[in-house]
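> could you work out the structure for the sequence below:
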Amino acid sequence: MNDQSIEARVLAAISGMLQIPLADVKPESEIAALGGGDSLTRVEVCMAIEDEFGIDVSDADAEPITTVQGWIDYVRKLPEVAA
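From the prediction side, this is the model:
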């Protein structure tokens, strides 16, 4: 899967989960800001990424990811997705 496809799917997954326009989801966006500061936003976004890519993300891996770009970078590094 190419990098642009991964980015597009991450953006769409986050947009859909948070029910916000795709145009409002940018790589530099902070996850908490997109979700209105709700403490569950990061968990919901992680679940959306897991569902979109058919992966399991450990709490230890998910905790430091605070931006959309962080999720894009994380997914790009996964061998099962990059293949």
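
> number of nearby residues for V57?
Neighbour count of V57, defined by other Cβ atoms under 10 Å: 18. C-beta here means a position set from N, CA and C on the backbone, and glycine is covered the same way.

> where does it land on pLDDT?
Note for V57: predicted pLDDT of 96.

> go on, the one 10 residues further on?
Looking at T67, its pLDDT stands at 95.

> ok, what's across the strand from it?
Residues in a beta bridge with T67, per DSSP bridges, are E30.

> mind starting the numbering at 2 from now?
Sure, I'll start counting at 2 from here, so that last one is T68.

> quick check, it in contact with P28.
Yes. Checked against Cβ atoms under 8 Å, the pair T68 and P28 is within contact range at 7.3 Å.

> the two: who's more crowded?
More crowded of T68 and P28, by other Cβ under 10 Å: T68, with 17 against 14.

> contacting residues around the more buried one?
T68 is in contact with 28-32, counting by Cβ atoms under 8 Å, 6 or more residues apart in numbering.

> what of E51?
If you count contacts by Cβ under 8 Å, 6+ apart, E51 has them with 57-58.

> doesn't it belong to a helix?
Yes. Under DSSP: H, G, I helix; E, B strand; the rest coil, E51 falls within a helix.

> any idea how far E29 is from it?
Per Cβ to Cβ, to the nearest Å, E51 is found 23 Å from E29.

> who touches V26 in this structure?
By Cβ under 8 Å, 6+ apart, the contact list for V26 reads 12, 15-16, 19, 35, 69.

> actually C47, not the one I typed
Each residue near C47 by Cβ under 8 Å, 6+ apart is listed here: 58, 63, 66.

> for the residue positioned nearest the centre of the chain, give its distance to V58.
Nearest to the geometric centre of the chain sits W72, at 4.3 Å (Cα atoms, centre = their mean). When distance is defined by Cβ to Cβ, W72 is 9 Å away from V58.
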